[in-house]
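Colleague: Generate coordinates for the sequence data below:
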Amino acid sequence: GPKARERSHQLRDQVDAILVGGNTVRLDDPQLTTRLRGRTARRQPLRVILSASLELPPKARIFDEPRGGVLVLTTSSNARRTRALEARGAEVVRIGEGGAVDLKAALTLLASREIVHLMVEGGAGVFGGFLEQGLVDQVQLYVAPKVLGEGISWAGLAPRSRMADAIQFEPRSVEQVGA
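Modeller: Residues are numbered from 1 along each chain as shown. Prediction:
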């Protein structure tokens, strides 16, 4: 709802970068900018896209905001796609060869650029990868009182049938935000 969206934009205003996977860019066409009601964002975070294939639409809205910048991390050597994204203002950095982008290598690169507070916004495969590899310090999960599609699968994790295999969290707080 509106209050949860406002809260997420307040959080965006505090982070150094926001990270999503290429599928999120293709399917949702997000802006990943800070938009605060009634006031101007103090800055725009760096927008980071993980895209092994570089199959990103150059007209995607994520490339529209010049402040903050866009960094695309890839394993692709496709020069044509690289040029198309660079023409839209993105920086394209190749990390490794073939296959998925290595999340630890991505975090190392971001840390070398003084990105300390990274917000991972999705999608499910990206969430699952960060959780599976133990690369998450904090989870802020917003749950609406609605179920849509396949239910509440918010992280693309492999099914776990034993409690010993569960990914565990230590709740710090639970709060209702709006409806």
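
Colleague: which parts of stretch 87-107 are buried?
Modeller: Within stretch 87-107, the residues scored as buried using 16 or more other Cβ atoms under 10 Å are Ala90, Val92, Ile95, Val101, Asp102, Leu103, Ala106, Leu107. All C-beta atoms are positioned from the backbone trio N, CA, C, and that covers glycine.

Colleague: cool, and stretch 24-44?
Modeller: Thr24, Val25, Asp28, Pro30, Leu32, Thr33, Thr34, Ala41, Gln44.

Colleague: just stretch 51-63 next, same as before
Modeller: Neighbour counts using 16+ other Cβ under 10 Å place Ser51, Ala52, Leu54, Leu56, Ala60, Ile62, Phe63 of stretch 51-63 among the buried residues.

Colleague: Show me the strands in this protein, by range?
Modeller: Counting by DSSP state E, the segments of the chain that form strands are 17-21, 46-50, 70-74, 91-94, 118-122.

Colleague: between the ones you listed, which gets nearest to Gln10?
Modeller: The closest of these to Gln10 is strand 118-122. By Cβ to Cβ, the value is 11.5 Å.

Colleague: List the neighbouring strands of the closest one plus their orientation.
Modeller: Strand 118-122 has its sheet partners listed here by DSSP bridges as strand 17-21 (parallel).
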